[in-house]
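# Next come a sequence and a model predicted from it.
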Amino acid sequence: MAILVDKNTRVIIQGITGREGMVRTQLMKDYGTNLVAGVTPGRGGQEVYGVPVFDSVAQAWEKEGPVDVSVIFVPAALVKNAALEAIDAGVKLLVIVPDRVPIHDVLEIAARASEKGARFVGPNTLGLISPGQAVLGMIGGRAERAREWFKPGPVGVSSRSGGMTSAISYYLTQAGIGQTTIIHVGGDAIVGLSLPEVMELFEKDPETRLAVLFGEIGTTQEERVADSIEDGKITKPIIAFVGGRAAKSGTRFSHAGAIVEGSRGSYETKVRRLREAGVHVVESIADIPKTAKQLLG
């Protein structure tokens with residue numbers, strides 16, 4: 001199985017006629033994603049790689065049938081309107097790829113999603129992939145590379161870093177260990193689905209036997225994973241690597257979501273809490289496949 005997306009998931013792209021939207025349309029379609037439509041206001045009636053384009057999400061839904069996911073490739077300033085349009089049309093999962101989305105806009109999206117029973121990944125995300133089934137966003141870059149780097153298997157992967165999302169999964173594949181779903185939760189301080197929520201989704205997936213997470217300094221996502229374990233919401237083994245060991249208070253590490261403020265969100269706090277909860281915290285990325293092999297027997 002997979003979480004959030006599989007080969008039957010019905011997907012649209014908002015911003016499909018833009019440069020980024022067109023490139024990622026090719027990736028997603030070539031990989032086998034069930035891409036049913038695209039949306040760009042004023043461009044209705046066009047096609048992008050054989051995918052019909054509509055002026056609105058509601059129009060796409062009316063003409064092509066129900067939509068499960070919208071992947072959003074529009075300028076940051078337009079993300080809020082695009083996301084609210086999709087949620088109001090009935091879409092239950094959004095993948096918000098752009099970075100620099102204003103925090104107030106993200107909060108509005110989160111409030112509307114909660115009200116309508118929807119969820120979102122990102123913003124500032126590469127997206128997600130269920131190997132052998134579907135890709136949402138830009139993970140892998142090209143379909144051929146995505147097929148080579150990511151293979152189906154029993155390990156769920158989630159990361160706060162886009163590059164490490166792909167790297168960890170690639171190293172697992174090289175070691176002969178496949179993945180159920182790979183998710184970049186996004187690099188901003190406020191995101192939709194966070195690490196603890198993703199770990200809980202892996203917990204409910206019968207084919208995910210263990211999960212791997214890449215954490216960083218800043219925010220409390222990793223500490224909340226530990227809380228979920230201690231609360232009994234997560235029982236499957238988790239392997240974790242936390243980046244930013246050498247960062248000092250006030251240091252910004254890589255992106256907006258990774259900044260230490262006092263002791264909150266520090267490397268030491270995250271590692272201590274994860275270990276207290278029984279997570280297998282490793283000292284190097286190379287230790288992840290080794291530990292996974294041991295845990296999988």
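Perfect, I can see it now. Residues are numbered from 1 along each chain as shown.
# Tell me which residue of the chain is furthest from the middle?
Seen from the C-alpha centroid of the chain, the residue lying at the greatest distance (Cα atoms, centre = their mean) is Gly45, 30.7 Å away.
# residues in contact with Ala240?
212-215, 222, 225, 274, 279-282 (Cβ atoms under 8 Å, 6 or more residues apart in numbering). Yep, even glycine has a C-beta here, placed from its N, CA and C like the rest.
# do the same with Asp231
Per Cβ under 8 Å, 6+ apart, neighbours of Asp231: none.
# now do the one 3 residues further on
Neighbouring residues of Ile234 by Cβ under 8 Å, 6+ apart: 199-200, 203, 225, 228.
# likewise Pro66?
Contacts of Pro66 (Cβ under 8 Å, 6+ apart): 10, 90.
# Next, it: secondary structure please.
coil (DSSP: H, G, I helix; E, B strand; the rest coil).
# Look up how far Asn34 lies from it.
Distance, Pro66 to Asn34, using Cβ to Cβ, to the nearest Å: 12 Å.
# Check Val106 too.
27 Å.
# which of the two has more neighbours?
Val106 (24 against 17; other Cβ atoms under 10 Å).
# ok so, going back, so the residue farthest from the centre of the chain, which of the three states?
coil.
# For it, which non-adjacent residue is spatially closest?
Once flanking residues are discounted, Gly45 sits nearest to Val53: 6.9 Å by Cβ to Cβ, 6 or more residues apart in numbering.
# Domain-wise, how is the chain divided?
Here the domain parsing of the chain from automatic domain parsing is 11-121, 150-296.
# Compare those and say which comes out lowest on pLDDT.
Here the lowest mean pLDDT among the domains of the chain goes to domain 150-296, at a mean of 91.
# mind checking the end-to-end distance for it?
One end of domain 150-296 to the other measures 18 Å (Cα to Cα, to the nearest Å).
# show me what contacts the residue nearest to Gly45?
Val53 neighbours (Cβ under 8 Å, 6+ apart): 16-17, 37-40, 43-47.
# same question, Phe120
Phe120 sits in contact with 83, 93-96, 109-110, 113, 192-193, where contact means Cβ under 8 Å, 6+ apart.
# Over to Ala113?
Contacts of Ala113 (Cβ under 8 Å, 6+ apart): 87, 94, 119-120, 192.
# how much distance is there from the one helix or strand it maps to to the middle of the chain?
According to DSSP states H and E, Ala113 maps onto helix 103-116. In terms of Cα atoms, centre = their mean, to the nearest Å, the gap separating the centre of helix 103-116 from the centre of its chain is 17 Å.
# for stretch 129-148, same thing?
13 Å.
# Quick check: end-to-end length of it?
Where stretch 129-148 begins and where it ends lie 13 Å apart, using Cα to Cα.
# Same question for that stretch: list its buried residues.
129-140, 143, 146-147 (16 or more other Cβ atoms under 10 Å).
# Same question for stretch 110-127.
110, 112-113, 118-127.
# about what we covered before: pull the most distant pair out of the contacts of Ala240.
Across the contacts of Ala240, no pair lies farther apart than Val225 and Val282, at 15.0 Å, counting by Cβ to Cβ.
# The two: which is more packed in?
When Val225 and Val282 are compared on other Cβ under 10 Å, the one with more neighbours turns out to be Val225, at 30 against 18.
# number of nearby residues for Thr165?
24.
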